[in-house]
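K.L.:
Provide a 3D model corresponding to the input given below.
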Amino acid sequence: MIRLCVVTGSRAEYGLLTPLIRNIMKDQDLKLQLLVTGTHLDTRFGLDYQAMEQDGIVIDEMVEMNLASDTSYGICRSMGLELIGISGAFERLKPHMILLLGDRYEIFTAASAAVICKIPIAHIHGGELTQGAYDDCMRHGITKMSYLHFTSTEEYRKRVIQLGESPDRVFNVGALGIEQIKSLTLLSKEQLEQSLHTALPSPLSLVTYHPATLDPFSAKNQFQPLLDALDSFPELFTVFTGSNADTGGIQVNEMAKSYSRQHPERAAFISSLGSLRYLSLMNLSRLVIGNSSSGILETPAFHVPTVDIGLRQKGRIKPDSVISCGTTAENIRNAITQAMNLDLKNHKYENPYDCPGTSQKILTCIKEAFHKGIHLEKEFYDIDWRL
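P.N.:
Sure thing, here's the model as predicted:
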């Protein structure tokens, strides 16, 4: 039986991993080991690990990071604490493979530990670009540390190969987020209002905004223009969901909370929605606003327009429903107006991330790799091209 250790450090990532985790639990050839770290264990971010336990998912290890500081230096110290804790967890669990998704610093740290411990890594969502955040270089770093690669589009598969990874270890399987959407029974508006203890008048907008970590401006200066733009749409009820634990994330959350207190008739702040409530709210929204990858990967599946602000997601493949804009209040106002005038419910467009059976394809490839034999001494795969 293959011991497959899934590492998760944030609510968004766990939501994407859920269908894969459940399929691992059902597979007689695999043993799930779940390692939880990051914001899952932080009271300010909603203690998401409790929702996992309520879902009947056993957590094998919890690794504290102490995310008290969201400065660059504080995050570096948190990564050091995670490295100490996660190496001990790997020693106890003795996994045959580590399964990682994405590009966050918690995941980069886990990958670093796995490499030193000689544990092969299967990485999901490599080859993508987010040129406005330091996640970009972390993602490519994780790619070079990984043995198996599961990308969400063919273009991203080619980029992983361009980084020197052998094509026979790189697979285009689509996005897990689309599979998660298709597997859920979404909440109705009434159910969502009851769950959130908040009225949700129409039209609704959902805001998920994270600091653009390579932006020279502070998180406050990045986020304020969005709040200024929302003042021009008093008819729009806005639900802010909590920012991530990147540099300046706490400041963004405090600003969103303050705005919601000042305008309770048209704004609410929910620190952690969880996957079901987040996707249900997305489905009910007139538009989604912010700079999260969910606005590009998941929102188009609901035929809901996305206003994608700034450079944080620059480089990602974006469906036609995504409206990219600059960072000034005027830029954002114009994009919101454009999105409000779009009717996508009956509009057909291709979602490049939609590929049926994503999680099962991943598990099939993992089992085949073990059947063939895994050799950590990777050769650099040179491609034939001209500069």
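K.L.:
Tell me which stretches of the stretch 201-350 of the chain form strands.
P.N.:
For the stretch 201-350 of the chain, applying DSSP state E, counting those that start in this stretch gives strands covering 204-208, 237-241, 267-270, 287-290, 306-309, 322-325.
K.L.:
And these: which comes nearest Ile161?
P.N.:
strand 322-325 (26.1 Å; Cβ to Cβ). (Each C-beta comes from the backbone N, C-alpha and C, glycine too.)
K.L.:
if we can go back for a sec, could you export the strands of the stretch 201-350 of the chain as CSV, including mean pLDDT, mean neighbour count and distance to Lys345?
P.N.:
Putting those into CSV (pLDDT from 0 to 100; neighbours: other Cβ atoms under 10 Å; distance: least, Cβ to Cβ, whole Å) gives the following:
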stretch, mean pLDDT, mean neighbour count, distance to Lys345
strand 204-208, 97, 24, 15
strand 237-241, 97, 25, 19
strand 267-270, 96, 20, 25
strand 287-290, 98, 27, 12
strand 306-309, 98, 28, 15
strand 322-325, 97, 20, 16
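K.L.:
Turn those strands into TSV, including distance to Leu227.
P.N.:
As requested, the strands of the stretch 201-350 of the chain are exported to TSV (distance: least, Cβ to Cβ, whole Å):
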stretch	distance to Leu227
strand 204-208	9
strand 237-241	9
strand 267-270	9
strand 287-290	11
strand 306-309	12
strand 322-325	15
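K.L.:
closest to Val115 out of these?
P.N.:
Closest to Val115 of these is strand 204-208 (Cβ to Cβ; 31.5 Å).
K.L.:
tell me the angle of that closest one relative to strand 237-241?
P.N.:
Strand 204-208 and strand 237-241 are oriented at 20 degrees to each other (axes from the mean of the first three to the mean of the last three Cα atoms, to 10 degrees).
K.L.:
Figure out how far strand 204-208 is from the centre of its chain.
P.N.:
Centre-to-centre, strand 204-208 and its host chain are 16 Å apart (Cα atoms, centre = their mean, to the nearest Å).
K.L.:
Show me what that strand is in contact with.
P.N.:
Outside strand 204-208, the residues that touch it by Cβ atoms under 8 Å, 6 or more residues apart in numbering are 226, 230, 233, 236-241, 243, 256, 281-282, 284-292, 294-295, 336.
K.L.:
Within its sheet, name the partner strands of that strand and how each one runs.
P.N.:
Applying DSSP bridges, strand 204-208 is found paired with strand 237-241 (parallel), strand 287-290 (parallel).
K.L.:
Figure out how far the longest one is from the centre of its chain.
P.N.:
A distance of 19 Å separates the centroid of the chain from that of strand 237-241, by Cα atoms, centre = their mean.
K.L.:
Next: stretch 181-198.
P.N.:
Remark: stretch 181-198 is offset 20 Å from the chain centroid, using Cα atoms, centre = their mean.
K.L.:
now swap in stretch 180-188 and tell me
P.N.:
Its chain's C-alpha centre and that of stretch 180-188 lie 18 Å apart, by Cα atoms, centre = their mean.
K.L.:
show me what contacts Gln180?
P.N.:
If you count contacts by Cβ under 8 Å, 6+ apart, Gln180 has them with Gly15, Leu16, Thr18, Pro19, Ser275, Leu279, Glu298.
K.L.:
I misspoke; the intended subject was Cys325.
P.N.:
Contacts for Cys325 were tallied using Cβ under 8 Å, 6+ apart; they are Val307, Asp308, Ile309, Gly310, Asn331, Ile332, Asn334, Ala335.
K.L.:
which pair in those residues spans the largest distance?
P.N.:
Spatial extent of the contacts of Cys325 (Cβ to Cβ) is set by the pair Gly310 and Asn334 at 14.2 Å.
K.L.:
Which one's more surrounded, those two?
P.N.:
Gly310 (22 against 16; other Cβ atoms under 10 Å).
K.L.:
From Ser260, how far off is the closest residue in space to that one that isn't next to it in sequence?
P.N.:
Nearest in space to Gly310, with sequence neighbours left out and distances taken as Cβ to Cβ, 6 or more residues apart in numbering, is Thr327 at 4.6 Å. Per Cβ to Cβ, to the nearest Å, Thr327 is found 22 Å from Ser260.
K.L.:
Who has more neighbours out of these two?
P.N.:
Between Thr327 and Ser260, counted using other Cβ under 10 Å, the more crowded position is Thr327 (20 against 17).
K.L.:
List just the nearest of the contacts of Cys325 to Gly126.
P.N.:
Among the contacts of Cys325, and counting by Cβ to Cβ, the member closest to Gly126 is Asp308, at 21.1 Å.
K.L.:
Quick check, the closest one in contact with Ser294.
P.N.:
No. Using Cβ atoms under 8 Å, Asp308 is not in contact with Ser294, being 10.7 Å away.
K.L.:
what touches both of the two?
P.N.:
Among the neighbours of Asp308, none is also in contact with Ser294 (Cβ under 8 Å, 6+ apart).
K.L.:
what's the offset of the longest helix along the chain from the middle of its chain?
P.N.:
Using DSSP state H to define each element, the chain has its longest helix at helix 72-93. Relative to its parent chain, helix 72-93 has a centroid offset of 20 Å by Cα atoms, centre = their mean.
K.L.:
Can I get it in PDB, CA atoms only?
P.N.:
The C-alpha coordinates for helix 72-93 follow below in PDB (Å, rounded to 0.1, in the frame of the first residue of the first chain):
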ATOM      1  CA  SER A  72       8.400  39.500   5.200                       C
ATOM      2  CA  TYR A  73      10.800  38.700   8.000                       C
ATOM      3  CA  GLY A  74       8.100  37.300  10.200                       C
ATOM      4  CA  ILE A  75       7.000  34.900   7.300                       C
ATOM      5  CA  CYS A  76      10.600  33.800   6.900                       C
ATOM      6  CA  ARG A  77      10.700  32.900  10.600                       C
ATOM      7  CA  SER A  78       7.400  31.000  10.200                       C
ATOM      8  CA  MET A  79       8.800  29.000   7.300                       C
ATOM      9  CA  GLY A  80      11.700  28.000   9.600                       C
ATOM     10  CA  LEU A  81       9.400  26.800  12.300                       C
ATOM     11  CA  GLU A  82       7.400  24.800   9.700                       C
ATOM     12  CA  LEU A  83      10.600  23.200   8.400                       C
ATOM     13  CA  ILE A  84      11.500  22.000  11.800                       C
ATOM     14  CA  GLY A  85       8.000  20.600  12.500                       C
ATOM     15  CA  ILE A  86       7.400  19.100   9.100                       C
ATOM     16  CA  SER A  87      10.700  17.200   9.100                       C
ATOM     17  CA  GLY A  88       9.700  15.600  12.400                       C
ATOM     18  CA  ALA A  89       6.200  14.700  10.900                       C
ATOM     19  CA  PHE A  90       7.800  13.100   7.800                       C
ATOM     20  CA  GLU A  91      10.100  11.100  10.100                       C
ATOM     21  CA  ARG A  92       7.100   9.700  12.000                       C
ATOM     22  CA  LEU A  93       4.800   9.200   9.000                       C
END
